[in-house]
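Trainee: Dropping a prediction and its sequence here:
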Amino acid sequence: EQLAATKAGRLQLRSRGSYLVLRELHAWEKDPEVLSTCHKLIQVLIGDEPEAGMENLLEVAVPEELQRRLRDADREEEERWRKEREEEPEA
């Protein structure tokens, strides 16, 4: 999380092929929290870089209401991952 927060960190992750590793991890991981985190990191790595002045994501001010909505969305996403993984047949 911390490494992906800065532009330099994101560039480092991209240059080392982290996306490919995360994509494979996402394909077989069962833990909903790990899946959620993996998905978020993939989105950061494949997304556009933030505009000037917002390169360090830890320093961006996020309104409290938006923080609450994001936390709620995280919980819903993790629950969805959990249900999907429970429904998959065992190999």
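Mentor: On my side now, so go ahead. Residues are numbered from 1 along each chain as shown.
Trainee: Can you report phi and psi for Gly17?
Mentor: phi 80, psi 20 (degrees, to the nearest 10).
Trainee: Report the separation between it and Glu24.
Mentor: Counting by Cβ to Cβ, to the nearest Å, the gap from Gly17 to Glu24 is 11 Å. C-beta coordinates here come from the backbone N, C-alpha and C atoms, glycine included.
Trainee: Over to Arg14?
Mentor: In terms of Cβ to Cβ, Arg14 sits 16 Å off from Glu24.
Trainee: quick one: which of the two has more around it?
Mentor: Neighbours were counted for Arg14 and for Glu24 using other Cβ atoms under 10 Å; Arg14 has more, 14 against 11.
Trainee: Just checking the distance from stretch 31-45 to the centre of its chain.
Mentor: Its chain's average C-alpha position is 4 Å from that of stretch 31-45, according to Cα atoms, centre = their mean, to the nearest Å.
Trainee: before we move on, what about stretch 32-48?
Mentor: Offset of stretch 32-48 from its chain centre (Cα atoms, centre = their mean): 2 Å.
Trainee: Show me what counts as buried in it.
Mentor: Buried residues in stretch 32-48, counting neighbours by 16 or more other Cβ atoms under 10 Å, are found at 32, 35-38, 41-42, 44.
Trainee: how long is stretch 45-58 end to end?
Mentor: Across stretch 45-58, the terminal residues are separated by 16 Å (Cα to Cα, to the nearest Å).
Trainee: Ok, stretch 52-62 next?
Mentor: Start to finish, the residues bounding stretch 52-62 are 17 Å apart (Cα to Cα).
Trainee: which residues sit against that stretch?
Mentor: For stretch 52-62, contacts defined as Cβ atoms under 8 Å, 6 or more residues apart in numbering pick out 2, 4-7, 44, 49-50, 70.
Trainee: go with 7 Å
Mentor: Applying Cβ atoms under 7 Å, 6 or more residues apart in numbering, the external contacts of stretch 52-62 come out as 5-7.
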